[in-house]
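Undergrad: Provided below are the primary sequence and the corresponding predicted coordinates.
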Amino acid sequence: MQYQSQAVAKPYFIAAIGLFVGQIVFGLIMGLQYVMGDFLFPEIPFNVARMVHTNLLIVWLLFGFMGAAYYLVPEESERELQSPGLAILMFWVFLIAGALTILGYLLVPYATLADITGNELFPTMGREFLEQPTVTKIGIVIVALAFLYNIGMTVLKGRKTVINLVLLIGLVGLAVFFLFSFYNPDNLVKDKFYWWWVVHLWVEGVWELILGAILAFVLIKTTGVDREVIEKWLYVIIAMSLITGLIGTGHHYFWIGTPAYWQWWGSIFSALEPIPFFMMTVFAFNMVNRRRRNHPNKAAMLWALGTSVMAFLGAGVWGFMHTLAPVNFYTHGSQITAAHGHMAFYGAYVMIVLTIISYAMPMLRGRQAANSNRSQVLEMWSFWLMTVSMVFITLFLTGAGILQVYLQRFSDNPQPFMVVQDKIALFYWMREVAGLVFLIGLVTYLASFFVGSRDAEAVITPGGENARVNGPAGSVSGATVNSG
Amino acid sequence: MAQAFTKAMARNIFYGGSLFFILLFLALTFDTSSALPELDNRANLTKTVALGKSLWEKNDCIGCHTLLGEGAYFAPELGNAYQRLGGKAGIIGFIQSRPKDGIPGRRSMPQFNFTDEQLNAIAEFLKYSSEINAAGWPPNVQG
Ligand code: HEM
Ligand code: HEM
Ligand SMILES: [Fe+2]
């Protein structure tokens, strides 16, 4: 760690991981409700479990992004953070507001929560992913503003790098598009139209900038490849993201009462959206192949490469699968959508946050550059367990989706929704089993923070392999370098 | 070759490209806004429908159902429930008759204890939704 104030990232990362665990527990509850319909009914109805699952996901990813920014911006700017105190204060505000909101979902009926929080004065609740009470939304805006001030001032006063600039543009965009969550007209079509300005323009727009910036930072640090090269790649990737992703919003405007020309605009531009994700894969592997040094943090390297592959599969391949209007006509709002949503969110955003945590956490915990071999081996096990089980979750949901679409929408005599759901229950059972393996992977991940934490740090031997060094952590000889 | 393509060029593609496509997106949004009155069934957007939408949101129906294909995939699509259930009476009857403790072994919908006025408003909202011009979606009455 080169600057004291980078330490504020640590609580953000810890909170992110904690909420991640909660997200998965509620995912498993819902997975069971899919096949045992009355499970936990009426105590935790499906919709409540779902909002907990998805809101925890979004909140922990935001914690991850903020932690990432607090870690990498000082290092890139070559100065201390504008106000570490403000960062810690906002950490607690965000955590408490988040916890209260989740408790509100679980402890009182949603309609009561709406009443308590005065939703009728300014109704914004009850829309997918935007279920938070209006006061929570306002709290999010306040936290975002304080965060942007803190990061923005640090960037402005320090060294200006492309990574910092791209990250900042992404974060400002994130805050700006969130403002559309306050627009909730009675007109359902308009409501849906602008709802996507939050959801789509986040994940297929500004979040890609954040993803690219974090990935570029970790690659510079771990491979030692020339900054000029990496920054050029970064510009081209994010250029493609916005060039395809903005008009690509049209793939959500096929069947919601918007003009039919969106079927053309949306299909064509969103069909190009896999390009930036593919470039990210080429970029990551290229940089690693051209590395100037071997970094002892093998786990971080694995996460970085894994992100680039899984984001391409989940967003690029599974996105393309149902993005052309004639296909989407049949798959719209089916299990195909759920399959894609899972692998894309995991591959792109879960994995990039785990990448930066993997890279930064050893330093935040007082290591020179990397965890011990034992910790890293466990972490890499968790990588494979979670990633492979997510592939299976996606495949099972895709199987369920294909059958659902055929039986309910495509065959000569279409069957009712509930009948079809019964017929494809086997796939939901298999999804639940894969989900349990995911949970095992997550527990393994948690364990990797404790197992081997007293062992000596992993280092690079001249042959390039990690070797165990006897002696106290930190007494590693100059074989590894950790400066950018 | 690779050398000829500089970082400055990459940066210009990013700023220029983004700006161009932001403007194009705004232009398309503007055009959509002016086309919507023909498509979005606003003629039937009454006070009752607005009340129905607010009840829809207040009870998070979207957390189990899709509406015009968006939402959750746990329970039937409701954008065409008006047709499938044979009109408002069918919708009202269904919502009213949910058992408080669910149906054993079956995916269950809560009993919301709506008043008659509220039930009417929700049914009106689903009727209004079903009359939005959604380009022929869903493919059939099963949603
Ligand atoms: C990392 C990036 C991405 C993430 C996190 C993501 C996530 C999601 C999620 C969660 C949904 C469901 C939204 C809802 O609940 O209604 C969705 C829908 C969709 N996504 Fe993505 N997506 C990504 C990238 C892409 C890309 C690159 C494409 C196209 C190539 C794509 C195509 C689609 C389509 C067509 C739908 C609508 C599905 C439907 O009609 O039901 N996505 N995405
Ligand atoms: C243990 C594994 C998991 C299980 C069993 C699970 C289960 C579920 C279920 C049943 C739904 C609701 C689908 C519906 O609306 O009917 C859902 C939604 C969702 N989950 Fe998970 N989940 C798991 C892990 C994850 C992970 C790791 C992520 C993040 C990458 C995630 C992200 C999402 C998203 C974005 C949605 C909304 C999807 C959409 O609207 O298309 N889930 N999940
Ligand atoms: Fe999208």
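TA: Yep, that arrived. Ligands and ions are numbered 1, 2, ... in the order given.
Undergrad: For the host helix or strand of residue A:217, enumerate the helices and strands it packs against.
TA: Assessed by DSSP states H and E, residue A:217 sits inside helix A:207-223. The contact analysis (3 or more C-beta pairs under 8 Å, 6 or more residues apart in numbering or on different chains; DSSP states H and E) places helix A:207-223 against helix A:46-77, helix A:162-178, helix A:227-248, helix A:274-289, helix A:298-311, helix A:351-364. Every C-beta, even on glycine, is put in place using the N, C-alpha and C of the backbone.
Undergrad: Turn these into TSV, including mean pLDDT and distance to ligand 3.
TA: Putting the helices and strands packed on helix A:207-223 into TSV (pLDDT from 0 to 100; distance: least, C-beta to the ion, whole Å) gives the following:
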stretch	mean pLDDT	distance to ligand 3
helix A:46-77	98	16
helix A:162-178	98	13
helix A:227-248	98	6
helix A:274-289	98	12
helix A:298-311	98	14
helix A:351-364	98	18
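Undergrad: Tell me which of the ones you listed sits nearest to chain B.
TA: Chain B lies closest, by C-beta to the nearest C-beta, to one member of the helices and strands packed on helix A:207-223: helix A:46-77, at 2.5 Å.
Undergrad: and that closest one, does that touch ligand 1?
TA: No: on the criterion C-beta under 6 Å from any ligand atom, helix A:46-77 is out of touch with ligand 1, staying 8.3 Å away.
Undergrad: Let me know the next secondary structure element after that helix.
TA: According to DSSP H and E, the helix or strand after helix A:46-77 is helix A:84-107.
Undergrad: Tell me where chain B has strands.
TA: Secondary structure of chain B by DSSP state E: the strands cover B:66-67, B:70-71.
Undergrad: does ligand 3 sit close to the last one?
TA: No: interface with ligand 3: strand B:70-71 contributes nothing (C-beta under 5 Å from the ion), its closest point being 11.4 Å away.
Undergrad: quick one: strands adjacent to that strand?
TA: Paired strands of strand B:70-71, with direction, are strand B:66-67 (antiparallel) (DSSP bridges).
Undergrad: Outside of the partner strand itself, list whatever touches it.
TA: A:188, A:333, B:56, B:61, B:72-73, B:77-79, B:129, B:143 (C-beta atoms under 8 Å, 6 or more residues apart in numbering or on different chains).
Undergrad: Give me the distance from it to the chain's centre.
TA: 5 Å (C-alpha atoms, centre = their mean, to the nearest Å).
Undergrad: one step back: where neighbours are concerned, which of the contacts of strand B:66-67 has the most?
TA: Among these, residue B:79 has the most neighbours (other C-beta atoms under 10 Å in any protein chain shown), with 28 neighbours.
Undergrad: and the strand or helix carrying residue A:267, which residues are buried?
TA: Element membership for residue A:267 (DSSP H and E) is helix A:262-271. By neighbour count on 16 or more other C-beta atoms under 10 Å in any protein chain shown, the buried set for helix A:262-271 is A:262-263, A:265-271.
Undergrad: now residue B:103: how far from ligand 2?
TA: As defined by C-beta to the nearest ligand atom, to the nearest Å, residue B:103 lies at a distance of 18 Å from ligand 2.
Undergrad: Contact partners for that residue?
TA: A:37-38.
Undergrad: just for the stretch 351-484 of chain A, where's the confidence low?
TA: A:462-484 (pLDDT under 70).
Undergrad: Please read the previous query as pertaining to chain B.
TA: Using pLDDT under 70, chain B drops low at B:1-3.
Undergrad: how does it divide up, domain by domain?
TA: Under the assignment automatic domain parsing, the domains of chain B span B:7-39, B:41-143.
Undergrad: Need the winner for burial among these.
TA: domain B:41-143 (a mean of 19; mean count of other C-beta atoms under 10 Å in any protein chain shown).
Undergrad: How about the residues of the stretch 1-150 of chain A by chain B?
TA: With C-beta under 8 Å from any C-beta of the partner chain as the criterion, the stretch 1-150 of chain A comes near chain B at residues A:30, A:33-34, A:36-38, A:41-42, A:45-48, A:50-51, A:110-111, A:114, A:119-120, A:123, A:125-128, A:131.
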